[in-house]
Structure formats: structure tokens, C-alpha cells
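Trainee: All I have is the shape, not the residue letters:
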């Protein structure tokens with residue numbers, strides 16, 4: 001088949017520098033949906049050139065924004081990418097073969113969107129490009145990501161950051177695709193750190209609102225366990241200094257997220273005493 005009854009779904013904001021490569025890798029999908037939150041560069045022109053259906057939606061947070069984007073799809077099977085990601089030829093072939101298998105295994109007369117007994121979706125390895133190198137170990141790989149799914153059986157949760165896809169039916173089963181989803185981050189180290197600072201702000205706010213007081217043990221042990229797990233056990237040291245920096249930032253994020261949570265809870269408690 002030249003195209004598949006699958007909707008490729010993206011959210012964008014000033015993504016012109018990378019969007020063309022992403023959309024070029026999605027030509028096997030018969031529907032292209034882009035939800036934009038106010039781009040002022042050439043993002044919308046590139047989207048139009050690829051025949052995408054573009055929707056404008058003010059920013060609601062990652063989870064809600066992606067939920068809205070999935071809702072605009074023409075097909076129940078959706079493939080969700082970020083604007084700086086690219087489907088490799090091997091991953092595309094794996095998607096095509098898996099989808100063909102779903103069609104073959106469906107009972108006569110059943111629709112693509114309601115395949116009884118089939119997988120609710122598929123995870124895929126995500127390969128992150130960081131400081132000039134593709135990370136192949138540690139925290140950066142395989143970074144399994146659930147991006148190809150039937151929206152009747154799974155969808156994005158409502159988390160504002162570090163959102164994920166969750167099953168909507170009991171005991172939802174998810175398969176595994178072959179081939180990498182390439183993540184071409186063009187950020188400098190400074191930009192990456194600024195983004196991580198924003199993420200830990202959002203995460204700590206969520207934890208504080210839930211009254212999740214982090215113990216001292218949590219502050220100390222969480223970064224340490226994370227370093228041992230990803231740098232030693234999962235051999236992050238094989239990714240050279242980019243691997244070390246990537247894991248070190250992740251460990252610091254773990255610590256600072258809980259430190260910010262404590263600060264927010266204490267600030268709220270002090271305000272209530274006044």
C-alpha cells in the first residue's frame with residue numbers, strides 16, 4: 001500500500017527548522033494532523049506544503065494538547081510524533097507490517113478501529129541525539145515510547161509534562177516495533193538545561209498540590225540510584241562524555257524536583273499560618 005489508514009499527529013510551536021524532515025518520514029500515513037499553538041516562523045507554511053490539516057489551540061500542557069490533537073484524527077489508529085522526531089525506514093517497515101497483521105487478523109466485517117483481541121498499540125525504541133552523538137545506552141536508549149496506538153483503546157494522559165499513553169480498556173496489551181524513532185534535538189546545552197528547569201517546576205508543582213512531601217532519603221537516594229541504574233548497570237559510560245552529561249542532568253533533576261516540592265509545600269504552609 002502507498003499509504004495506510006493511519007493518522008500522523010503532531011503538536012507544534014515554531015518548529016520550522018526541523019518539521020520538514022519529520023513530515024517527509026510520515027508520507028505513508030493517509031492523514032496528517034498538526035495542532036499548533038501560535039507559531040510565528042514558517043511552521044504553518046511547511047505544514048500546508050505537506051497537505052496537513054492544521055488546527056490552532058492555545059497551549060494546555062503536553063498531555064491535554066496531545067489529547068486534543070488525537071481527537072482531530074480521521075482514523076482511530078494514530079502515530080504521534082514530536083516535531084523534532086523522524087521515523088526511520090526500518091521503523092516504517094515495522095509499522096506497515098504490524099498494521100497489515102492487524103488487518104489480516106481482524107474478523108470479517110470488523111473495522112480497523114475495533115479489532116477485537118489485537119494490540120491496543122505499539123512501543124518503539126527512541127534514539128536521542130545529545131551533544132552531537134546518538135545515545136545508545138543508559139537513560140537515552142532504547143527509551144521505549146508508546147506512540148502508535150488505537151485511540152479507542154489507549155490515549156495520552158493529562159499530565160502537563162512527561163506525559164504518556166495509557167490503556168483505556170482493561171488489560172490493554174502493547175506490542176514492540178523494530179527500528180528507531182530518531183529524536184533530533186537541536187538544543188544547546190544551555191537551552192536543554194532551561195527546559196529541564198521548567199519541567200522540574202511543573203513536576204514539583206504537581207507533587208506539592210498532591211501533598212507529596214519528599215523525605216530526606218528520597219532527596220539523597222533518588223539521584224544516587226538513578227546514576228547507578230543508568231550509568232553503571234545500563235552502561236551509560238559507553239556513550240562517552242555526552243552520556244555522562246545526560247545522566248548527570250537527569251540525576252540533578254531528580255534531586256531538584258524534590259527540593260522544589262519541599263520549598264513549595266513550606267511556602268504554602270507559611271502562607272496558611274499568616
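Mentor: Received the coordinates, thanks. What you see is a predicted model, and the numbers here were worked out from it, not measured in a lab. Residues are numbered from 1 along each chain as shown.
Trainee: So which elements touch the strand or helix carrying residue 222?
Mentor: Using DSSP states H and E, residue 222 sits within helix 216-227. Judged by 3 or more CB pairs under 8 Å, 6 or more residues apart in numbering; DSSP states H and E, the packing partners of helix 216-227 are helix 240-273. C-beta here means a position set from N, CA and C on the backbone, and glycine is covered the same way.
Trainee: who's in contact with stretch 38-45?
Mentor: 12-17, 19, 36, 54, 56, 58-59, 83 (CB atoms under 8 Å, 6 or more residues apart in numbering).
Trainee: How about residues contacting the helix holding residue 222?
Mentor: Under the contact criterion CB under 8 Å, 6+ apart, helix 216-227 has outside partners 139, 247, 248, 250, 251, 252, 254, 255, 258, 259, 262.
Trainee: tell me the mean pLDDT for that helix?
Mentor: The average of the pLDDT scores along helix 216-227 is 95.
Trainee: Which residue, other than its chain neighbours, is closest to residue 243?
Mentor: Leaving out its chain neighbours, the residue that sits closest to residue 243 by CB to CB, 6 or more residues apart in numbering is residue 236, at 4.5 Å.
Trainee: Residue ranges of each domain in the protein, please.
Mentor: Per the record, the chain has its domains at 4-106+120-183, 189-273, by automatic domain parsing.
Trainee: can you put those domains in CSV and add mean neighbour count?
Mentor: Formatted as CSV, the domains of the chain follow (neighbours: other CB atoms under 10 Å):
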stretch, mean neighbour count
domain 4-106+120-183, 18
domain 189-273, 16
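Trainee: partners of the one helix or strand residue 78 maps to in the sheet?
Mentor: In this assignment (DSSP H and E), residue 78 forms part of strand 77-82. Strand pairing for strand 77-82, determined by DSSP bridges: strand 4-12 (parallel), strand 145-150 (antiparallel).
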